[in-house]
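*Asks:* Sequence unavailable; structure follows:
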(Lines give C-alpha, C1' and ligand atoms only; values in the text may rest on other atoms or scores of the structure.)
Protein backbone atom coordinates (compact mmCIF):
# COMPACT_ATOMS: atom_id res chain seq x y z
CA UNK A 1 0.00 0.00 0.00
CA UNK A 2 1.07 3.57 -0.60
CA UNK A 3 -0.30 7.04 -0.02
CA UNK A 4 0.34 10.45 -1.58
CA UNK A 5 0.11 13.29 0.97
CA UNK A 6 -0.15 16.90 -0.19
CA UNK A 7 0.31 19.78 2.26
CA UNK A 8 -0.12 23.47 1.40
CA UNK A 9 2.22 25.68 3.42
CA UNK A 10 1.35 29.36 3.66
CA UNK A 11 4.22 31.09 5.47
CA UNK A 12 4.20 34.87 4.93
CA UNK A 13 5.99 35.64 8.21
CA UNK A 14 8.49 32.82 8.96
CA UNK A 15 9.55 34.23 12.33
CA UNK A 16 6.04 34.62 13.73
CA UNK A 17 5.20 32.24 16.59
CA UNK A 18 1.72 30.84 17.09
CA UNK A 19 -0.44 28.80 19.41
CA UNK A 20 -0.05 27.71 23.00
CA UNK A 21 3.47 26.36 22.44
CA UNK A 22 4.56 29.50 20.57
CA UNK A 23 6.24 27.74 17.64
CA UNK A 24 6.66 28.95 14.07
CA UNK A 25 4.61 27.48 11.24
CA UNK A 26 7.76 25.77 9.98
CA UNK A 27 8.25 24.06 13.35
CA UNK A 28 4.67 22.76 13.25
CA UNK A 29 5.18 21.57 9.66
CA UNK A 30 8.42 19.79 10.53
CA UNK A 31 6.81 18.10 13.53
CA UNK A 32 3.93 16.92 11.39
CA UNK A 33 6.13 15.56 8.60
CA UNK A 34 8.21 13.63 11.13
CA UNK A 35 4.96 12.21 12.51
CA UNK A 36 3.67 11.24 9.04
CA UNK A 37 6.91 9.45 8.24
CA UNK A 38 6.21 7.10 11.16
CA UNK A 39 3.06 5.76 9.49
CA UNK A 40 3.16 2.06 8.67
CA UNK A 41 2.07 2.72 5.09
CA UNK A 42 4.60 3.77 2.43
CA UNK A 43 4.07 7.50 1.94
CA UNK A 44 5.35 10.33 -0.23
CA UNK A 45 4.86 13.85 1.08
CA UNK A 46 4.59 16.93 -1.13
CA UNK A 47 4.69 20.40 0.41
CA UNK A 48 3.31 23.23 -1.72
CA UNK A 49 4.59 26.67 -0.80
CA UNK A 50 5.15 30.15 -2.22
CA UNK A 51 8.68 31.28 -1.26
CA UNK A 52 12.17 29.82 -0.87
CA UNK A 53 12.09 29.55 2.93
CA UNK A 54 12.02 25.74 2.84
CA UNK A 55 14.80 25.37 0.26
CA UNK A 56 17.59 24.81 2.80
CA UNK A 57 15.47 22.86 5.30
CA UNK A 58 16.09 19.16 5.64
CA UNK A 59 12.50 17.96 5.37
CA UNK A 60 11.54 14.44 4.35
CA UNK A 61 9.27 15.79 1.65
CA UNK A 62 9.34 17.13 -1.88
CA UNK A 63 9.00 20.92 -1.92
CA UNK A 64 7.01 22.56 -4.72
CA UNK A 65 7.45 26.32 -4.92
CA UNK A 66 4.52 27.91 -6.76
CA UNK A 67 4.46 31.25 -8.48
CA UNK A 68 1.36 33.01 -7.19
CA UNK A 69 0.34 36.65 -6.96
CA UNK A 70 0.23 38.33 -3.56
CA UNK A 71 -3.49 38.88 -4.00
CA UNK A 72 -4.27 35.22 -4.75
CA UNK A 73 -1.93 34.12 -1.98
CA UNK A 74 -3.69 36.30 0.56
CA UNK A 75 -7.09 34.96 -0.52
CA UNK A 76 -6.01 31.35 -0.01
CA UNK A 77 -5.57 30.09 -3.57
CA UNK A 78 -2.28 28.35 -2.73
CA UNK A 79 -4.31 25.49 -1.30
CA UNK A 80 -5.82 24.80 -4.72
CA UNK A 81 -2.44 24.62 -6.46
CA UNK A 82 -1.95 21.16 -4.97
CA UNK A 83 -4.56 19.70 -7.30
CA UNK A 84 -2.79 19.49 -10.70
CA UNK A 85 0.02 17.41 -9.21
CA UNK A 86 -2.42 15.22 -7.29
CA UNK A 87 -4.33 14.60 -10.51
CA UNK A 88 -1.13 13.57 -12.31
CA UNK A 89 -0.59 10.91 -9.63
CA UNK A 90 -4.04 9.34 -9.90
CA UNK A 91 -2.72 5.92 -10.95
CA UNK A 92 0.40 5.88 -8.77
CA UNK A 93 -0.97 5.38 -5.24
CA UNK A 94 -3.67 3.43 -3.42
CA UNK A 95 -4.63 6.40 -1.22
CA UNK A 96 -4.61 10.18 -1.54
CA UNK A 97 -4.61 12.77 1.21
CA UNK A 98 -4.89 16.55 1.32
CA UNK A 99 -3.76 17.79 4.75
CA UNK A 100 -3.28 21.14 6.43
CA UNK A 101 0.24 21.57 7.82
CA UNK A 102 -0.75 21.38 11.50
CA UNK A 103 -3.26 18.50 11.46
CA UNK A 104 -1.47 15.58 13.14
CA UNK A 105 -2.70 12.43 11.41
CA UNK A 106 -1.22 9.50 13.35
CA UNK A 107 -0.85 5.73 13.05
CA UNK A 108 -3.96 5.15 15.16
CA UNK A 109 -5.93 7.36 12.75
CA UNK A 110 -4.59 5.36 9.83
CA UNK A 111 -5.58 2.03 11.38
CA UNK A 112 -9.03 3.42 12.21
CA UNK A 113 -9.40 4.43 8.56
CA UNK A 114 -8.21 1.09 7.18
CA UNK A 115 -10.50 -0.79 9.57
CA UNK A 116 -13.71 1.02 8.66
CA UNK A 117 -13.41 2.71 5.27
CA UNK A 118 -14.08 -0.32 3.06
CA UNK A 119 -17.33 -1.36 4.76
CA UNK A 120 -18.60 2.21 4.86
CA UNK A 121 -17.54 2.88 1.27
CA UNK A 122 -19.38 -0.20 0.03
CA UNK A 123 -22.52 1.20 1.68
CA UNK A 124 -21.88 4.73 0.27
CA UNK A 125 -20.95 6.29 3.59
CA UNK A 126 -17.97 8.49 4.47
CA UNK A 127 -15.86 7.73 7.55
CA UNK A 128 -15.69 10.75 9.84
CA UNK A 129 -12.84 12.24 11.86
CA UNK A 130 -12.93 14.94 14.55
CA UNK A 131 -10.31 17.63 15.15
CA UNK A 132 -9.48 18.63 18.72
CA UNK A 133 -7.40 21.08 20.72
CA UNK A 134 -6.09 20.86 24.26
CA UNK A 135 -7.32 23.06 27.08
CA UNK A 136 -4.21 23.48 29.21
CA UNK A 137 -6.29 24.56 32.21
CA UNK A 138 -8.41 21.44 32.72
CA UNK A 139 -6.19 19.16 30.57
CA UNK A 140 -9.16 18.02 28.49
CA UNK A 141 -9.38 17.81 24.71
CA UNK A 142 -12.10 19.86 23.00
CA UNK A 143 -13.54 19.27 19.53
CA UNK A 144 -13.12 22.30 17.31
CA UNK A 145 -15.98 21.78 14.86
CA UNK A 146 -18.59 19.99 16.97
CA UNK A 147 -21.15 22.71 17.61
CA UNK A 148 -24.04 20.33 18.25
CA UNK A 149 -24.03 17.01 20.08
CA UNK A 150 -24.51 13.88 17.98
CA UNK A 151 -28.06 12.66 18.54
CA UNK A 152 -28.68 10.42 15.52
CA UNK A 153 -27.26 7.01 14.69
CA UNK A 154 -27.40 4.29 12.06
CA UNK A 155 -26.62 0.56 12.29
CA UNK A 156 -24.62 -1.48 9.79
CA UNK A 157 -24.12 -5.18 10.50
CA UNK A 158 -24.75 -4.72 14.23
CA UNK A 159 -22.25 -1.85 14.47
CA UNK A 160 -23.65 1.45 15.69
CA UNK A 161 -22.47 4.63 13.92
CA UNK A 162 -23.14 8.20 14.97
CA UNK A 163 -24.15 10.54 12.16
CA UNK A 164 -22.25 13.78 11.74
CA UNK A 165 -24.72 15.78 9.68
CA UNK A 166 -24.12 19.22 11.16
CA UNK A 167 -20.44 19.96 10.46
CA UNK A 168 -18.21 17.26 8.96
CA UNK A 169 -15.35 19.58 7.99
CA UNK A 170 -12.04 18.33 9.44
CA UNK A 171 -9.19 20.23 7.72
CA UNK A 172 -8.20 17.32 5.44
CA UNK A 173 -9.55 14.59 3.24
CA UNK A 174 -8.42 11.02 2.62
CA UNK A 175 -9.74 8.81 -0.17
CA UNK A 176 -8.84 5.49 -1.75
CA UNK A 177 -7.98 5.40 -5.45
CA UNK A 178 -11.52 4.71 -6.65
CA UNK A 179 -13.11 7.53 -4.68
CA UNK A 180 -10.25 9.87 -5.53
CA UNK A 181 -10.71 9.22 -9.25
CA UNK A 182 -14.45 9.74 -8.87
CA UNK A 183 -13.60 13.06 -7.22
CA UNK A 184 -11.37 13.99 -10.17
CA UNK A 185 -14.22 13.27 -12.57
CA UNK A 186 -16.76 15.26 -10.61
CA UNK A 187 -17.69 18.90 -11.01
CA UNK A 188 -16.46 19.55 -7.47
CA UNK A 189 -12.79 18.97 -8.24
CA UNK A 190 -12.81 22.39 -9.90
CA UNK A 191 -12.52 25.58 -7.86
CA UNK A 192 -15.53 26.99 -9.72
CA UNK A 193 -18.01 24.76 -7.88
CA UNK A 194 -18.53 25.53 -4.23
CA UNK A 195 -18.48 22.92 -1.51
CA UNK A 196 -20.66 23.88 1.43
CA UNK A 197 -22.67 22.61 4.32
CA UNK A 198 -26.27 23.66 4.90
CA UNK A 199 -25.51 26.60 7.17
CA UNK A 200 -22.82 28.65 5.48
CA UNK A 201 -20.31 28.91 2.66
CA UNK A 202 -16.69 28.06 3.37
CA UNK A 203 -13.75 30.29 2.54
CA UNK A 204 -11.36 29.51 -0.29
CA UNK A 205 -8.86 27.72 1.95
CA UNK A 206 -11.52 25.70 3.77
CA UNK A 207 -13.17 24.59 0.54
CA UNK A 208 -9.95 22.90 -0.58
CA UNK A 209 -10.08 20.71 2.55
CA UNK A 210 -13.51 19.42 1.59
CA UNK A 211 -14.21 16.75 -0.96
CA UNK A 212 -17.05 14.47 -1.94
CA UNK A 213 -18.16 14.30 1.70
CA UNK A 214 -19.27 17.96 1.70
CA UNK A 215 -22.87 18.16 2.83
CA UNK A 216 -24.11 19.68 -0.44
CA UNK A 217 -22.71 16.74 -2.46
CA UNK A 218 -24.69 13.51 -2.87
CA UNK A 219 -21.77 11.14 -3.49
CA UNK A 220 -21.99 9.82 0.08
CA UNK A 221 -25.19 9.25 1.99
CA UNK A 222 -23.70 10.69 5.17
CA UNK A 223 -20.60 10.93 7.35
CA UNK A 224 -20.53 8.25 10.06
CA UNK A 225 -18.33 7.71 13.12
CA UNK A 226 -18.35 4.26 14.77
CA UNK A 227 -19.44 3.85 18.38
CA UNK A 228 -17.17 2.18 20.95
CA UNK A 229 -18.33 1.72 24.55
CA UNK A 230 -21.16 4.27 24.15
CA UNK A 231 -18.75 6.90 22.80
CA UNK A 232 -17.31 7.70 19.41
CA UNK A 233 -14.31 5.59 18.52
CA UNK A 234 -11.34 7.36 20.21
CA UNK A 235 -9.17 6.82 17.14
CA UNK A 236 -11.29 9.26 15.14
CA UNK A 237 -9.74 12.20 17.02
CA UNK A 238 -6.93 14.18 15.38
CA UNK A 239 -4.96 16.94 17.10
CA UNK A 240 -4.71 20.47 15.73
CA UNK A 241 -1.18 21.01 16.99
CA UNK A 242 -1.08 24.79 16.58
CA UNK A 243 -3.80 24.86 19.27
CA UNK A 244 -4.78 28.46 18.60
CA UNK A 245 -8.58 28.32 18.68
CA UNK A 246 -9.46 27.34 22.23
CA UNK A 247 -7.86 30.35 23.92
CA UNK A 248 -9.04 32.70 21.18
CA UNK A 249 -12.71 31.99 21.82
CA UNK A 250 -13.31 31.93 25.57
CA UNK A 251 -16.86 33.30 25.64
CA UNK A 252 -18.59 31.86 28.71
CA UNK A 253 -21.79 31.63 26.66
CA UNK A 254 -20.17 29.71 23.78
CA UNK A 255 -22.51 26.73 24.18
CA UNK A 256 -25.34 28.95 22.94
CA UNK A 257 -23.63 29.41 19.58
CA UNK A 258 -23.37 27.04 16.61
CA UNK A 259 -20.92 29.18 14.63
CA UNK A 260 -17.27 30.19 15.16
CA UNK A 261 -18.20 31.69 18.54
CA UNK A 262 -19.00 28.19 19.78
CA UNK A 263 -15.69 26.63 18.75
CA UNK A 264 -14.31 24.03 21.20
CA UNK A 265 -17.43 24.06 23.36
CA UNK A 266 -17.62 20.27 23.87
CA UNK A 267 -14.78 18.16 25.16
CA UNK A 268 -14.32 14.77 23.55
CA UNK A 269 -16.47 12.94 26.12
CA UNK A 270 -19.38 15.38 25.79
CA UNK A 271 -20.13 15.17 22.09
CA UNK A 272 -22.72 12.36 22.32
CA UNK A 273 -26.18 13.23 23.56
CA UNK A 274 -27.85 11.14 26.28
CA UNK A 275 -29.30 7.79 25.18
CA UNK A 276 -32.87 9.00 25.72
CA UNK A 277 -32.28 11.81 23.20
CA UNK A 278 -30.75 9.63 20.48
CA UNK A 279 -32.72 8.69 17.38
CA UNK A 280 -32.08 5.81 14.99
CA UNK A 281 -32.22 6.85 11.35
CA UNK A 282 -33.57 4.67 8.56
CA UNK A 283 -31.88 4.47 5.16
CA UNK A 284 -33.41 7.67 3.74
CA UNK A 285 -30.25 9.80 3.76
CA UNK A 286 -30.47 11.03 0.18
CA UNK A 287 -34.02 12.30 0.74
CA UNK A 288 -32.97 14.15 3.91
CA UNK A 289 -29.94 15.63 2.15
CA UNK A 290 -32.07 16.73 -0.83
CA UNK A 291 -34.48 18.71 1.36
CA UNK A 292 -31.69 20.19 3.47
CA UNK A 293 -29.94 21.34 0.32
CA UNK A 294 -33.20 22.78 -1.04
CA UNK A 295 -33.83 24.62 2.23
CA UNK A 296 -30.28 25.98 2.24
CA UNK A 297 -30.66 27.35 -1.29
CA UNK A 298 -34.02 28.90 -0.41
CA UNK A 299 -32.55 30.57 2.67
CA UNK A 300 -29.62 31.88 0.61
CA UNK A 301 -31.99 33.37 -1.99
CA UNK A 302 -34.18 35.02 0.67
CA UNK A 303 -31.08 36.62 2.22
CA UNK A 304 -30.08 38.03 -1.17
CA UNK A 305 -33.57 39.45 -1.64
CA UNK A 306 -33.47 41.09 1.79
CA UNK A 307 -30.14 42.74 0.92
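*Replies:* Perfect, thanks for sending it. Quick caveat, the model's predicted, so the values are computed rather than measured. Residues are numbered from 1 along each chain as shown.
*Asks:* what's the helix or strand harbouring residue 118 in contact with?
*Replies:* Assigned by DSSP states H and E, residue 118 belongs to helix 107-122. Residues from elsewhere that reach helix 107-122, judged by CB atoms under 8 Å, 6 or more residues apart in numbering: 38-41, 126-127, 129, 156-157, 161, 174, 176, 178-179, 224, 226, 233, 235-236, 238. From N, CA and C alone the C-beta is placed, and that goes for glycine too.
*Asks:* starting at the chain centroid, how far to it?
*Replies:* Remark: helix 107-122 is offset 15 Å from the chain centroid, using CA atoms, centre = their mean, to the nearest Å.
*Asks:* residues of that helix that come out buried?
*Replies:* By 16 or more other CB atoms under 10 Å, the buried positions in helix 107-122 come out as 109, 110, 112, 113, 116, 117, 120, 121.
*Asks:* could those residues be laid out in TSV, adding distance to residue 215 and pLDDT?
*Replies:* Putting these into TSV (distance: CB to CB, whole Å; pLDDT from 0 to 100) gives the following:
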residue	distance to residue 215	pLDDT
109	22	98
110	25	98
112	22	98
113	20	98
116	20	97
117	19	96
120	16	97
121	18	95
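*Asks:* Past the helix or strand hosting residue 74, which element shows up next along the chain?
*Replies:* Using DSSP H and E, residue 74 sits within helix 70-75. Once helix 70-75 ends, the next helix or strand along the chain (criterion: DSSP H and E) is helix 83-88.
*Asks:* If I take the helix or strand following that following helix and helix 107-122, what angle do their directions form?
*Replies:* Once helix 83-88 ends, the next helix or strand along the chain (criterion: DSSP H and E) is strand 95-99. Strand 95-99 and helix 107-122 are oriented at 120 degrees to each other (axes from the mean of the first three to the mean of the last three CA atoms, to 10 degrees).
*Asks:* Mind listing residues that contact strand 95-99?
*Replies:* 1-7, 32, 41, 82, 86, 89-90, 105, 171-177, 180, 208-209, 211.
*Asks:* re the thing from before, what are the buried residues along the helix holding residue 74?
*Replies:* Neighbour-count burial for helix 70-75 flags residue 73 (criterion: 16+ other CB under 10 Å).
*Asks:* What of stretch 57-64?
*Replies:* 59, 61, 63, 64.
*Asks:* No further queries at this time; thank you.
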